[in-house]
Structures are given as C-alpha cells and as structure tokens.
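J.: sequence unknown, structure follows:
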C-alpha cells in the first residue's frame, strides 16, 4: 500500500491547482511571523514546497537574520545591505518602513536545520555548480524524503560529475528514509553510502531503523566496513594532530633555542615576547579594520614582520639594560627575567585591559579540507607550514649570514671572537633580539589558535624549556625534532589517557629520558660543548 | 523596598530594641560584634569581596561595580533603617587563602553587616569557616555545584537543579538527545556537576555506552582530537549533544575547533553552564551561533525591570556597550533581599537578619519574584538561550514556573536523604530525613 501511496502523493502535489499553492504560500508566510518556533519551522517547510517565486530569497534572508515581521499586521520584510526594506512577498522595495515597528523573525536550531534542508532542495537548480554541490550536501544531511523528487529531477539535468556524485548520495540518503522505496533501491543506496565512507554516512547508516532484514544487514556490514576505514584514517589523523601540536611547540621554542640554547640565558620572560607578538597582531588588525577593511585577509602577513621588529627591539632593550649585567649568574638571571615577565604582563594588562582580545581568523584560515578520511583544518595546516618556514629561515640566518657567523663565533669562543675584532657585546644584544623576534613571530601564529590575553605566554614557557632541553641545548635541529616528538606522543596518549593524565605521562617520560641522556636527543659535540 | 521607606524611623526604633534583646541573649565575641553593628548610628557597612586582580578579575570586577551601583541607588532612596550604606571594597586577588583573610578583616575589623562576594567554589569554601566562626552573612551570586548549606551563606546563584538538570531535560525532551558528552574543566564544580548529571542520566535510562565524560586542564587550547572524538561519538546514528562545564577562556578555542571541523549547532549542540554575555563580549561569535547556554537570566530578557537595570548599569559604568549577566542579576536579587530582610528585622544584627531573610520575596529581572527559601537558596526560573551573532542569547525555552533549589542532590548516594532548613526548630543545614539526625557539613548550629 505504502509503495503505491508515495508516488500517488507526489503526483497529487504536482497536480495541485495554482490557487491551492497560493493559499499554502500565504499560510506559510503567516506562519513565519508566529512567536512559536514550531510554527516557524512548519512555515519554512511549507514555503519551500509552495513554489512561491520569492521562497529562496525569503528563506535566505531568514537564514542570515535579515527577515523582519511588522508588529501591526505580521507582514514580512527583508532588510537589504543598504538598510532599506523590501516587501518579502513581492521582492519590491517597500518605502517608508519604520524599523521600530519591525521585529526580527527568530531562529532556533530546529528551524535552522529545517532551513538548511529547505534551501538545499530549492538551490539544487542553481546555475552555480558550487551552490548546487552545497545544496546536495544539505539534502544529504537532512535526508528528508520530501526532497527526493527534487533531487531526482536535478539529477537528470546535472552535468558536473562531482556535483552529480553528491546528488546521487543525497538521493540515496533520502531514499533510505522514504517509506515507499523498494528493497533493491535501498540496497543500492546503502552501497552508495558505503562508497562515500565518511563519518556522516556512518552516522546516517547507523540511524536507520525499520528497514527490511536484508537492507538492515547490509547497513550493519557497511557501518563495520566504514568503522574499519575510519580506524585506519584516525591513526593518520593523530599524526596530523601531533604534527600540529609539535609545530606550535616548535614555534614557541624556536626563539628560546636561541636565547637559552645558544646564549645560555635562562629567559623566563620568553613567553611574554610571544604574548607581545600576539598583541601586535591585535593592534595590526584594529588598524587595518579602520583604514583598509578590504585588506583584512592580509593582516597576518603584515603582522609577522612587525611582530618580529617590536619583540626584537624589546629583546635588545632587555639585553642592554638587564641581561648583560647578569651573564654567568644563572640564578640571578632566572629571578630577574621572571620579575621582568611579571612587569611585562602587568604593563600589557594596564595598556590593553585584563580581558581577552579578539583576534579574528581571516577567511582563508577558517574551515577544513578533506583528504580521504583526513580532516585538515586550515589554521593548523598553515601553522605547520609556517613553523617549518620559520625554522628554515632561522637556520639559514645562522649559517649563511655574517651576523650568524659572528653569533656562532661568540658562543663558541668569546675571547677568540673578540680578538678577531667582533664586537661581542653588540652581538650578544643582536642574538637576544633575534631570539625575542622569533618569539614575537610565534605570537602571531598562536593568536590564531589561543586566547590573546596577558597570560598567553605563561602557558608556553614550561613547554618551550621542555622542548629545548629534550631536543638538546644549542641545537636547532634538535629543537625541531624534540617539538615534533613531544607533539605526536602527546596526541597519541591523549585519547587513551585523557588530556590531564596525558600531559603528566609525557612529563614523566621526559624526566626519565633526561636521566638517561642529560644532554637531550641531539647533544652538541666537540670543544664547543665543553665550554 | 522603596514603598516602606517612610516607616523607617518608627520601625528602626522597634528594631533596635529587638536587636538589643537578641544581643543580650548572646555572649562572647558575637555579642560585641553585633552590638557595634546594630546599635551604631553611623553608616551601615557592606563588604564587597571580589577579586580585582589575578585570573578571576575579568569576571569579578563587574560584580564589584554592580554592588557599588546598587548601594549608590539605595542611598539615593535614603539608605536602610534611616542610615546610609557604606561599601567596603577589598581585593582578595584571586588568591583563595587571601579570601579568608580579607573576609576576617571585613567581619571583625570593619564590622560589615553583610558581605557580597566570591566567584569560584574554592574561594567560597575558603571563607566559609570564617563566616561561621564570626557569624557573618555572605551572599554568594554564582551558579555552583550544590552539596552545601551553611547558616551564614545565602546562595543567590543556581544550584544544579536550577541550571544543569533543566538544561538536560530540555535536550532530552525537546532536542531528543540520546547520546551525551559531558565535557568539563578539571576541578571541583565540573566534577561534582557531572557526577550528578551522570547519575541523573542513568536514572532516566541512558545506557553507560551513550555517556562520554572528558576533562581538560584550565586554559586548554588544543582541542583537535577531543573535538574529533566528540564527532566520532556523535556518528552512532543517535542525536548527540555536549553538556559543557568548560570554564573560562578555554571555551573560545573549543568552539573555534568545533567550527573548523564542521560541527554545527544543528548537528551536535553544545549547552554551556559557564558561558554568559560577559564571556562572549569581545570574541568572534560566528562559530558559536546556535549553541546553547542555561542561566536564570539573560540580558536579552524583554521586560521593564530589566530595561531599567541595564540603563542604570550603562549610566553607572559610563559605557553603553557593557553587558549584564546572570551573576549580576543574582547580586541584584541578593542585595534587595538583604535590604528587605534588614527592614523586616529592624536591625542589622546577623541572627535577626538571617531569620528575617527566610521568606523574603523580591522582583528578579526575568519578570517575576524570587523568594529566599529555608535552605538559604532562592527560587528562580530557568532559561535556555541560543547564542546569536551579536553575542546575545535568544531564549528558546524556559521553565513554566519558578524552580526551588535542591541544595543536596537527590541523585548522589550520600546526599539523597539530606535537606537543609534553617527555620526553628529544625535549624539544620544537613538534616537526614531517614535517621532524623543533623549531620556534619551542614554549617554551624546556633
């Protein structure tokens, strides 16, 4: 019975006279101005099926919170970008509408989900392939059987193979949840979802109920197969997470590898240099917003050299005024730089306030891309690349520039370097400035994934020391390997032991390792190491 | 409040006599303290014990300001009992032992008639013995884990059944959630709350496999594989929701990661108990739209009292962009209750005020009245709101009436049979209805 009823119903719906449609459209529009979320939700689905010429525009306006209802007569209006109002039912400009008499149509998650589905089925026929693809995904997500005829119709027109694949998946999803589908169709649909093989299709297959036994068995088998795939992918995913954490550690520790590793200064104010870099990013974004909002996407690129300069100059000032009096006295250096870190934190707190500052993520760093079963989030991906660029630049600077040569000379044998005419105090200041500047660059990257507050640096100082000591003091390559090892070990432990215990386990392992090899993974060898 | 002002002089006289009688009935330190406070003719001192520096300053400074505003408003109305109020502000600097020290100063040196303060549970636990020893009055304005009922503390924030339990009910009944992630920061409030929630969910027939509990350290910023595991947990074909007791600024990277991994509020909604308007101010709310929060008050609540409060707040703080939030409303209620209680008792003597406060009813800002119950907690409506793009909450559900606080959770084995009732003759914070005995941990008996 059911199998006959479904096509019948669809045919009936299509054959409905225009008058009936107009009435349902009016009803739908009235429902949208209701105070009840449930009525609004029904209004959305009614409007989508009403064939009203403005349906897509109205629903899109509702989705972006631009749909308003007039309090006096419940008429709907759409706010345009210029602040004027259009009559929703006709799409024409409605002059002299008072904003005060309007109330925004409210949304909740149930309405939002309905909206996504409704807009999905309406946009399946959009001229833009990207929009059609998103629409097919929305239908796949909602797996609303009511969208099935629309998807089937869209499939016959579709020429783009990528979009076509999505539409087939969407149609399979909707078909499985429709009452009237035949068993062979269902089996094919399960196979299509199995082919897709991602976490969403797993979720969909797992939520099936009331299927014929053969379909249910096929679905269970598909779920198991997908689980197996996902299990393999999750190992790769953990490696990616580990790389990402490792690159953050590497960025934070790279500067310290210079000030502590190369110069031997126990610099407790290192984290504050990172924090200053993050605040430079904040200021740059504020300024760009004010004077050139169009360039906002490039704000981070502007912030990188600026953060390097600001943090570097502060570093040089610190070396000239404080550190240089304390060379060879590690205990005093430790206390002095710790005091300095408190002063810097409080200075930033007084200047910018104690609240977290909002550093926005540019569009090109938001979202994620799918690589097989891997989800690569863009912000993390860019930070991994950035960390290695910074490391390469730093190594090149030490190896190939004359300043780098002087730095290495001074750290290896100060007297001899001085005898060769190198102004060692000046080199000390520049080295410290370089380390601080790199910390500032790290701050730009960290502003994208952490909160920009005066306490930002405190969270990284311990980790940074850990990485430098683990990798081998004085060895940049060791720092990189140390950071990545710690990152990956941490991310493999976290799902097993939990975030808190995972950190403790890593720390204990590190202590045991240092007991065995006090000079870290890659100790410096030769005469320089003895000095 | 204002309506009874003309009667103050006569009532004050009677109250003083009553106060003197109470004082006479007591002895030792308390008597000396009470008489000084009750018989004075100078201003009545009100202590404000909120951190103005350190990690909690972000949240607590606002509460100090709102108290100053309320005291200023009351003074403009002629003060209390014909005497002006004077604020004594101290800074415990987010340092828990310092809270106890400053509280001792407020009570024994400044002789404050009442103290409004604390935010974290650990700071409240730290001052609790001081208030019980010196018989002071503390108004505590923040939602907390319950399992406490002291004679000297008035809890104006929500107990778990006034925030967490209704939020879970909403998810269960309206969102049809079947699988639950309880994610929290690793300290006392989330752990206690999740213990209660887990017991509650099991009681409602949720199998253990459908509950995932996860704790992270303070300020956690790398949420990648936790969010990935939530996503995986949510792919079992049942509606999944996250109940978040994640505290403070760790929320920002958490929501960002949810957004980046493509988890929308329509797929897996997150309901938070520690994210309010103040926390959302100044962060990018785009990735949060549609996620939920459960409170007893939202700034967006539309009524005349709330509008007046927000206007007064903007005028007082001289910044029209500042938000209001739930703990501020709790102080608003608590302060008005204290004023009412003092006027009812006719004195500021602690014992008289403590007794007078029970049953006092004042308007709250969500459009109703809140009453101080015998368990020293207040009745509240519970509101569920969805985050909007502008950082405000859109109320999507609310309890039909007021909810009475359960200070001892009925879902935890040890506290199932306990009740708190500070009315005579019971006068006990942890009375075991099975054994008929007043247990330990129920606060000091008179």
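T.: Alright, I've got the coordinates. Keep in mind that what you see is a predicted model, and the values were worked out from it rather than measured.
J.: near chain A, which residues of the stretch 101-250 of chain B?
T.: Proximity of the stretch 101-250 of chain B to chain A (CB under 8 Å from any CB of the partner chain) is limited to residues B:175, B:186, B:214-217, B:219-222, B:224-226, B:228-229, B:231-232, B:234-238, B:249. C-beta coordinates here come from the backbone N, C-alpha and C atoms, glycine included.
J.: Identify those among those that sit within strands.
T.: Mapping those onto strands (DSSP state E) picks out B:214, B:215, B:216.
J.: Compare those residues and tell me which has the most neighbours.
T.: Neighbour counts for these peak at residue B:216, which has 24 neighbours (criterion: other CB atoms under 10 Å in any protein chain shown).
J.: Now do the same contact list for the closest residue to it other than its chain neighbours.
T.: Distances taken as CB to CB, 6 or more residues apart in numbering or on different chains put residue A:499 closest to residue B:216, at 4.5 Å, once the chain neighbours are dropped. Shown in contact with residue A:499 (CB atoms under 8 Å, 6 or more residues apart in numbering or on different chains): B:214, B:215, B:216, B:217, B:220, B:226.
J.: Look up which helix or strand residue 172 falls in, please.
T.: If you meant another chain, say so; for now it's chain A. Using DSSP states H and E, residue A:172 falls within helix A:161-177.
J.: meant chain B actually
T.: helix B:164-173.
J.: pLDDT on that helix, on average?
T.: In this model, helix B:164-173 carries a mean pLDDT of 93.
J.: on contacts alone, who are the packing partners of that helix?
T.: In terms of contacts (3 or more CB pairs under 8 Å, 6 or more residues apart in numbering or on different chains; DSSP states H and E), helix B:164-173 is packed against helix B:188-203, strand B:240-245, strand B:270-272, strand B:292-295, strand B:383-387.
J.: What distance do you get for whatever residue of the stretch 151-300 of chain B ends up closest to chain A to residue A:217?
T.: Closest contact between the stretch 151-300 of chain B and chain A, by CB to the nearest CB, is at residue B:237 (2.9 Å). Using CB to CB, to the nearest Å, one gets 16 Å for the distance from residue B:237 to residue A:217.
J.: More neighbours: these two, which one.
T.: residue B:237 (18 against 13).
J.: that older thread, doesn't residue A:207 make contact with the residue of the stretch 151-300 of chain B closest to chain A?
T.: Yes - counting by CB atoms under 8 Å, residue A:207 is a contact partner of residue B:237 at 3.1 Å.
J.: So what's the residue count around the residue of the stretch 251-400 of chain A found nearest chain B?
T.: Proximity of the stretch 251-400 of chain A to chain B (CB to the nearest CB) peaks at residue A:377, 4.3 Å away. By other CB under 10 Å, the residues close to residue A:377 number 25.
J.: how much space is there between it and residue A:258?
T.: 29 Å.
J.: And residue A:37, by the same measure?
T.: Taken as CB to CB, the span from residue A:37 to residue A:258 is 58 Å.
J.: For these two, indicate the residue with more neighbours.
T.: Between residue A:37 and residue A:258, counting by other CB under 10 Å, residue A:258 is the more crowded of the two (32 against 18).
J.: Looks to me like that one is in a helix.
T.: Yes - counting by DSSP: H, G, I helix; E, B strand; the rest coil, one finds residue A:258 located in a helix.
J.: All set now, cheers.
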